[in-house]
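>>> Mind folding the following:
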Amino acid sequence: MYGKQTERAIAAMSRLAEVWDGGVTRLSSADIAENRGLPGPMVAKLLTALSQHGLVRGSPGPTGGYCLARPPSEIVLQEVWNIFERTDTSPACPFGGGICGVGDPCALHDRLVQMNESVRSMLASTSFQIFLDAVREGRKPAPRDAVPAEARRSYRASKPRSTSH
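Residues are numbered from 1 along each chain as shown. The predicted model follows:
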């Protein structure tokens, strides 16, 4: 779907969306990093890039910090994806060994196309308002040291990767 940099940028933006009050409340990169459990220097770099692309506004000084440049309802996840990800333009099929679109499609072709279209649609249609709405409904991320009472489906891998080969 997307890489760590995009994931962390979305996490930083989601934190700014959670506190959105028209841009009055500003958070430092350190505040965002602490809240999201992310490396501080990485968050600072991400916020700089997001600012350069007009998604956040930063102001220096002791009362400064970052806020979203527009209301969260007007910023979609796709805008963050566009900054940090590159579309793979290679014509090579990564699974069938040939050129995608020439000859018979590989066994995964239709499923990969469907998955790609679903992800693109979700990124294009999901605004950061979803995070503000969640906070207003009383939902918040679990603490980093939380232990689940029972297993729940995750969008991540269901099992840790094996380190043995």
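
>>> all contacts plus neighbour counts: C-alpha atoms, from now on.
Noted.

>>> Can you classify the residue of the chain positioned farthest from its centre by secondary structure?
In the chain, the residue that sits farthest from the middle, by C-alpha atoms, centre = their mean, is Gly103; the gap is 35.6 Å. Of the three states, Gly103 takes coil under DSSP: H, G, I helix; E, B strand; the rest coil.

>>> how close does it get to Glu74?
42 Å (C-alpha to C-alpha, to the nearest Å).

>>> now Ser118
Taking C-alpha to C-alpha, one finds Ser118 at 21 Å from Glu74.

>>> Now for Leu16: which residues touch it?
By C-alpha atoms under 8 Å, 6 or more residues apart in numbering, the contact set of Leu16 is 26-27, 32, 66-68.

>>> Met115 too?
Counting by C-alpha under 8 Å, 6+ apart, Met115 has no contacts.

>>> so where does it fall, helix or strand?
Assigned by DSSP states H and E, Met115 belongs to helix 109-125.

>>> Return the set of buried residues in the lowest-mean-pLDDT helix or strand in the chain.
Lowest on mean pLDDT, DSSP states H and E among the helices and strands of the chain sits helix 109-125, with a mean of 91. Neighbour counts using 16 or more other C-alpha atoms under 10 Å place 109, 123 of helix 109-125 among the buried residues.

>>> following that helix, which helix or strand shows up next?
Downstream of helix 109-125 (by DSSP H and E), the next one is helix 129-136.

>>> who touches that following helix?
Residues contacting helix 129-136 (C-alpha under 8 Å, 6+ apart): 14-15, 17-20, 71-74, 140.

>>> Kindly report the same for stretch 38-51.
By C-alpha under 8 Å, 6+ apart, the list of residues contacting stretch 38-51 reads 5, 8-9, 12, 29-30, 32-34, 56-58, 66, 80, 83.

>>> try 7 Å this time
With contacts defined as C-alpha atoms under 7 Å, 6 or more residues apart in numbering, stretch 38-51 is touched by 9, 29-30, 33, 56-58.

>>> Inside strands: which ones of these?
56-58 (DSSP state E).

>>> In JSON lines: the residues you listed, plus distance to Cys93.
Shown next, in JSON lines, are the ones in strands among the contacts of stretch 38-51 (distance: C-alpha to C-alpha, whole Å):
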{"residue": "Val56", "distance to Cys93": "37"}
{"residue": "Arg57", "distance to Cys93": "41"}
{"residue": "Gly58", "distance to Cys93": "42"}
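
>>> For Ile99, state which of those is nearest.
Val56 (40.2 Å; C-alpha to C-alpha).
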